[in-house]
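S.K.: Pasted the sequence and its predicted model underneath.
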Amino acid sequence: MLEAPRRLILKLAAECRTAEAARLDRTGILLFEQLLMGVSNAIADRYFLQNSGPEGSRLTGIA
């Protein structure tokens, strides 16, 4: 099974390949924007925010 960032990139690539520029409206552009934000979030979760879960968010030993 592919990791989330790779899965979302493949979905975005498929949407880009099949979209027609002349037919893009606000809804289509919003779809691309949401897909890009999903990719960004998946990459951040996978590579940069590994310790931001419930266990990593607890402050210990800090007064």
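M.R.: Great, that's in hand.
S.K.: Which neighbouring elements make contact with the longest helix belonging to the chain?
M.R.: Longest helix in the chain, counting residues (DSSP state H): helix 26-43. Using 3 or more C-beta pairs under 8 Å, 6 or more residues apart in numbering; DSSP states H and E, the elements in contact with helix 26-43 are helix 4-18. The way it works is simple: take the backbone N, C-alpha and C, and place the C-beta from them, glycine included.
S.K.: what about the helix it packs on, average pLDDT?
M.R.: Mean pLDDT, computed over helix 4-18, is 93.
S.K.: Please find the angle between the direction vectors of that helix and helix 26-43.
M.R.: 160 degrees (axes from the mean of the first three to the mean of the last three C-alpha atoms, to 10 degrees).
S.K.: If you count neighbours, what's buried in helix 4-18?
M.R.: Pro5, Leu8, Ile9, Leu12 (16 or more other C-beta atoms under 10 Å).
S.K.: Closest to Ala42 out of those residues?
M.R.: Of all the buried residues of helix 4-18, Pro5 has the smallest distance to Ala42: 4.3 Å, by C-beta to C-beta.
S.K.: Please list all residues in contact with the nearest residue to that closest one once chain neighbours are set aside.
M.R.: Excluding its sequence neighbours, the residue lying closest to Pro5 (C-beta to C-beta, 6 or more residues apart in numbering) is Ala42, at 4.3 Å. Under the criterion of C-beta atoms under 8 Å, 6 or more residues apart in numbering, the neighbours of Ala42 are Glu3, Ala4, Pro5, Leu8.
S.K.: change it to 10 Å
M.R.: Applying C-beta atoms under 10 Å, 6 or more residues apart in numbering to Ala42 gives the contacts Glu3, Ala4, Pro5, Arg6, Arg7, Leu8, Ile9.
S.K.: for Met37, same thing?
M.R.: Met37 touches Leu8, counting by C-beta under 10 Å, 6+ apart.
S.K.: Check the one 4 residues further on too.
M.R.: Asn41 sits next to Ala4, Pro5, Leu8, Leu49 when contact means C-beta under 10 Å, 6+ apart.
S.K.: In JSON lines: those residues, plus distance to Thr18.
M.R.: Formatted as JSON lines, the contacts of Asn41 follow (distance: C-beta to C-beta, whole Å):
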{"residue": "Ala4", "distance to Thr18": "22"}
{"residue": "Pro5", "distance to Thr18": "21"}
{"residue": "Leu8", "distance to Thr18": "16"}
{"residue": "Leu49", "distance to Thr18": "32"}
